[in-house]
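Trainee: The sequence and its predicted three-dimensional model are supplied below.
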Amino acid sequence: MNRRVKHIITRWNPIWNPEEQFEPRTIDVHCEILEKFPHETQFVWWGKISKSGNLGVSHADVALINEQITSGVELHFYMYCPEKLLLHVGKLEEVSISDFRGNPHTPTYYSKVPYTIPLWFKLSDIRKLDFQRFLSAHILREEDGKPFDPVSTERYYPRIVYEDPPQSFFNYNLTSGRKWFVRGGMGGMIPRCFKTGGMICTNPEAQQPESKHRVFIGMPFRPEFENVYRYAIKPALDSLGLIPWKANEVIQNIDLMCKVCGGIQICASTIFDISGWNPNVLFELGLVYGLGKEAFIIKRKDAEVPVDLKGMVYIEYDDFDELRGVLLKYLAKLLK
């Protein structure tokens, strides 16, 4: 086990109680700060809010962690939200006891916090992890070598954790220099490959940054569905300046499902026509939910749907004009 390199884990709660809703979009607002600055000055301060004023980690640990960063070691700041079962990791650049409230690199909500913020963590990137998979691998270890226990309520935060084996989350050679926080939405993860189980998708298409202006289209490759696309979906997208991504319009000499998965990853939202119970379409819809993308589901009014999808919200249509109007209404929200 690697006991030399110390990393930090903290716990955040989107809502402490009804009177203390400081910022339920905690990860998002920190990523939004990162987005404001050019690459060379891209960092955000994360403050550890403390009702008791306790530091959480010792001054000696703070000094050692900063020394490790200076030596070139990739240090990690884990952000754990038990209420939503979320786990993110930040690239840690500095730990400070100075107060950074009001700093342009700090979210504004910290200025409204009435409690002590004894520690500040400078993060240059944020990436989402697969909560269940990462913790079940027992990579994070306590001081005594036991696996990190996310259920325990007796532990203080922030605290020191170790990695076994050591992890490298911020390899920018895999993204052509792009930061990881811009992938898959705010603090999003580059997902593992559903075919190989690897942590990184190697499809060149998926190496593009996600765009809110691209919309993935999932439907069977049959003439009746092609007309739905041509006379309803595409005109709605064109009217809003949105770009459709449709598998049969993209030329790539790779496995079809790898192509589809890559297309989903670079689109912020998706449209699926589930009329007809097409198994490929349903599989793609499952990928969309697994990757955390927004899905607009449509179907003909006379079409049956699989029993597992009957409880989901979907848009029904009778004709192309009706569908085009409804899609315009929903898709316009993407641009706000």
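Mentor: Cool, got the structure.
Trainee: tell me what the longest strand anywhere in the chain is packed against?
Mentor: The strand that spans the most residues within the chain, counting by DSSP state E, is strand 116-129. Applying 3 or more CB pairs under 8 Å, 6 or more residues apart in numbering; DSSP states H and E, we find strand 116-129 packed against helix 26-36, strand 44-50, strand 75-81, strand 86-96. The way it works is simple: take the backbone N, C-alpha and C, and place the C-beta from them, glycine included.
Trainee: Adjacent strands (with direction) for that strand?
Mentor: Take DSSP bridges as the rule and strand 116-129 pairs in its sheet with strand 44-50 (antiparallel), strand 86-96 (antiparallel).
Trainee: now those strands as a markdown table including mean pLDDT, distance to K146 and mean neighbour count?
Mentor: Below are these laid out as a markdown table (pLDDT from 0 to 100; distance: least, CB to CB, whole Å; neighbours: other CB atoms under 10 Å):
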| stretch | mean pLDDT | distance to K146 | mean neighbour count |
| --- | --- | --- | --- |
| strand 44-50 | 92 | 24 | 22 |
| strand 86-96 | 94 | 18 | 21 |
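Trainee: would you turn those strands into JSON lines with distance to S111?
Mentor: Below are these laid out as JSON lines (distance: least, CB to CB, whole Å):
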{"stretch": "strand 44-50", "distance to S111": "10"}
{"stretch": "strand 86-96", "distance to S111": "17"}
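Trainee: I'd like to know which of these is closest to K333.
Mentor: strand 86-96 (23.8 Å; CB to CB).
Trainee: any idea of the angle the closest one forms with strand 75-81?
Mentor: Going by axes from the mean of the first three to the mean of the last three CA atoms, to 10 degrees, strand 86-96 is angled at 130 degrees with respect to strand 75-81.
Trainee: Take strand 86-96, keep the C-alpha atoms, and write them as CSV.
Mentor: Extracted as CSV, the C-alpha positions of strand 86-96 are listed here (Å, rounded to 0.1, in the frame of the first residue of the first chain):
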residue,chain,number,x,y,z
LEU,A,86,-22.2,11.1,-5.5
LEU,A,87,-18.4,11.0,-5.6
HIS,A,88,-16.3,13.6,-7.4
VAL,A,89,-12.5,14.1,-7.4
GLY,A,90,-10.7,17.4,-7.8
LYS,A,91,-7.1,18.0,-8.9
LEU,A,92,-5.7,19.6,-5.7
GLU,A,93,-3.2,22.5,-6.2
GLU,A,94,-3.0,24.0,-2.7
VAL,A,95,-4.5,23.8,0.8
SER,A,96,-4.8,27.2,2.6
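Trainee: Please enumerate the strands of this structure.
Mentor: Under DSSP E, the chain gives strands at 7-11, 44-50, 75-81, 86-96, 116-129, 140-141, 159-163, 211-218, 243-245, 267-273, 294-300, 315-317.
Trainee: Point out where the protein drops to low pLDDT.
Mentor: Scanning the chain for pLDDT under 70 picks out the ranges 1-3, 14-21, 53, 151-155, 173-176, 182-209, 305-313, 334-336.
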